[in-house]
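Enquirer: Have a look; sequence and predicted model below, questions after that.
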Amino acid sequence: MRILAISGSLRAGSTNTAALRAVKLLAPEGVEVRLYDGLGNLPHYNPDLDDTGQEGSPVPPIAQDLRTAVEEADALLIACPEYAHGVPGVMKNALDWLVSGVEFPGKRVALINASPRAAHAQAALREILTTMSAVLVEDACVDVPLLGSTADAAGIAADAVFAEPLRGALAALAQGQAA
């Protein structure tokens, strides 16, 4: 099982990224978690650069790398903060690069919510992902109360309050229990 983990935060001390790094530490044998690190390098989405059906397509190589990573993954795990009651622009931009590709529709996706204040972004992200034909695995969508925590990935993985929901998310995502 290959899971592509995507953090919607570019912040070095992001709790969302730390949660995904903890998931990598908690992954059982047979489950590989790869943290996607190209989010901040993606160019702004431009349909003129997205002629996916054309020979010699001008799709920027980094955007193609994202599509390839999604294609190679069995499932996606997204942890995303909320900015001004919405999905951060870098996260939406990455999803825009996936809209016209064939790699994303039908992909199993789980969401980690690291802050109770991210309810609007979670709702918006669910709407976007559903529109993009993702298969949201509800049993794998979890809240992990990291708001205010200074724990790093190892600290999150070592704390049962944080680790248990993440282990449950991994198990449910691996089983593919879609709602």
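Expert: Here it is on my side, so go on.
Enquirer: Okay, now the unreliable bits of this structure?
Expert: 52-57, 176-179 (pLDDT under 70).
Enquirer: Helices of that one, start to end?
Expert: 15-26, 61-72, 89-99, 119-131, 153-158, 160-175 (DSSP state H).
Enquirer: Just the CA trace of the first one, in CSV.
Expert: In other words, helix 15-26. Coordinates of each C-alpha in helix 15-26 appear next as CSV, following Å, rounded to 0.1, in the frame of the first residue of the first chain:
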residue,chain,number,x,y,z
THR,A,15,1.5,20.9,12.9
ASN,A,16,-0.2,19.5,9.7
THR,A,17,3.2,18.5,8.3
ALA,A,18,4.3,17.1,11.7
ALA,A,19,1.1,15.0,11.8
LEU,A,20,1.9,13.5,8.4
ARG,A,21,5.5,12.8,9.4
ALA,A,22,4.1,11.0,12.4
VAL,A,23,1.9,8.9,10.2
LYS,A,24,5.0,7.9,8.3
LEU,A,25,6.5,6.8,11.6
LEU,A,26,3.4,4.9,12.6
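Enquirer: what angle sits between it and helix 89-99?
Expert: If you take axes from the mean of the first three to the mean of the last three CA atoms, to 10 degrees, helix 15-26 sits at 60 degrees to helix 89-99.
Enquirer: list the helices and strands helix 15-26 packs on?
Expert: Under the contact criterion of 3 or more CB pairs under 8 Å, 6 or more residues apart in numbering; DSSP states H and E, helix 15-26 touches strand 2-7, strand 32-36, strand 75-79, strand 108-113, helix 153-158, helix 160-175. For the C-beta atoms, the positions are set from N, CA and C on the backbone; glycine is no exception.
Enquirer: now the angle from that helix to strand 32-36?
Expert: 160 degrees.
Enquirer: next one: helix 15-26 to chain centre, how far?
Expert: Averaging C-alpha positions (CA atoms, centre = their mean, to the nearest Å) puts helix 15-26 11 Å from its chain's average.
Enquirer: Could you do the fifth one as well?
Expert: Using CA atoms, centre = their mean, the mean C-alpha position of helix 153-158 is found 19 Å from that of the whole chain.
Enquirer: Just the buried residues of it, please?
Expert: Judged by neighbour count using 16 or more other CB atoms under 10 Å, the buried positions of helix 153-158 are 153, 156-157.
Enquirer: ditto for stretch 86-98
Expert: For stretch 86-98, by 16+ other CB under 10 Å, it's 87-88, 90-98.
Enquirer: Bridged to the residue nearest the centre of the chain, which residues?
Expert: With distances taken as CA atoms, centre = their mean, Ile78 lies nearest the centre of the chain, 2.1 Å away. On the basis of DSSP bridges, Ile78 is bridged to Ile6, Leu111.
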